[in-house]
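Enquirer: next input, structure requested:
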Amino acid sequence: MGKVGEIFRKRLLSDVKAGISKNQGTFLISYSSLNAAQVDELRKNMKDIGVKIFVSKNRIAKLALKEMDCEELAEGIEAQTAFAWTNTDAAAVSKALIKFSEDIDTVQIKGGLLDGAVLRQADIKRLADLPSKEVLQAQLLGTIVAPLTRLAGALNAKSRDLLSILKQLSEKKGGN
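Expert: Numbering: from 1, shown residues only. Predicted structure coming up:
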């Protein structure tokens, strides 16, 4: 049996690694000088969109990221560190995190992982600029349906033209 501190650190390490591996999106947040109300606000805002915030010791976070072959993210860890884990729309999460970091100067988004790919700060800002998942799906559906709609309109126009010609012939021959 090991010492309590050693057991605690191993547990934290396994929690961080499990959180990263079980979620599609992981965002690394660096912050300092946040009061309890601001931390509560961050947790509440993130919980509303399906994000779990996990605060970690820097040494544990670096070790976990290095063990998961994310050395690039591990190098950016400074100040106090928190992970934002999510399986929801990553664009919406990045928008909320960017807004929070703009409102509070001592919060920075250092990077993240999205489906195993490493995201840098610039990538997260580009992700935040994307429309929501629902809007992208609607745009894709509109793109798929547009040719079919035009085809149906063209076929319908030909039928209308034929009926118009038949009606004119009928009137010319003295019919109704």
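
Enquirer: please count neighbours and contacts with C-alpha atoms only from this point.
Expert: Noted.

Enquirer: pLDDT on stretch 169-176, on average?
Expert: Averaged across stretch 169-176, pLDDT comes to 77.

Enquirer: tell me how far the most centrally placed residue in the chain lies from residue 28.
Expert: Centroid check for the chain by Cα atoms, centre = their mean gives residue 90 as the closest residue, at 0.6 Å. Between residue 90 and residue 28 the distance is 13 Å, computed by Cα to Cα, to the nearest Å.

Enquirer: before we move on, back to that, hang on, the residue nearest to the centre of the chain packs against residue 27?
Expert: No - look at residue 90 against residue 27 with Cα atoms under 8 Å: they stay out of range, at 9.4 Å.

Enquirer: for the strand or helix carrying residue 54, packing partners?
Expert: Per DSSP states H and E, residue 54 falls inside strand 51-56. When contacts are defined as 3 or more Cα pairs under 8 Å, 6 or more residues apart in numbering; DSSP states H and E, strand 51-56 packs onto helix 36-48, strand 80-86.

Enquirer: where exactly do the strands run in the chain?
Expert: 25-31, 51-56, 80-86, 107-114, 117-119 (DSSP state E).

Enquirer: can you name every helix or strand that the last one contacts?
Expert: The contact analysis (3+ Cα pairs under 8 Å, 6+ apart) places strand 117-119 against strand 107-114.

Enquirer: could the helices and strands packed on strand 51-56 be laid out in a markdown table, adding mean neighbour count?
Expert: Formatted as a markdown table, the helices and strands packed on strand 51-56 follow (neighbours: other Cα atoms under 10 Å):
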| stretch | mean neighbour count |
| --- | --- |
| helix 36-48 | 13 |
| strand 80-86 | 23 |
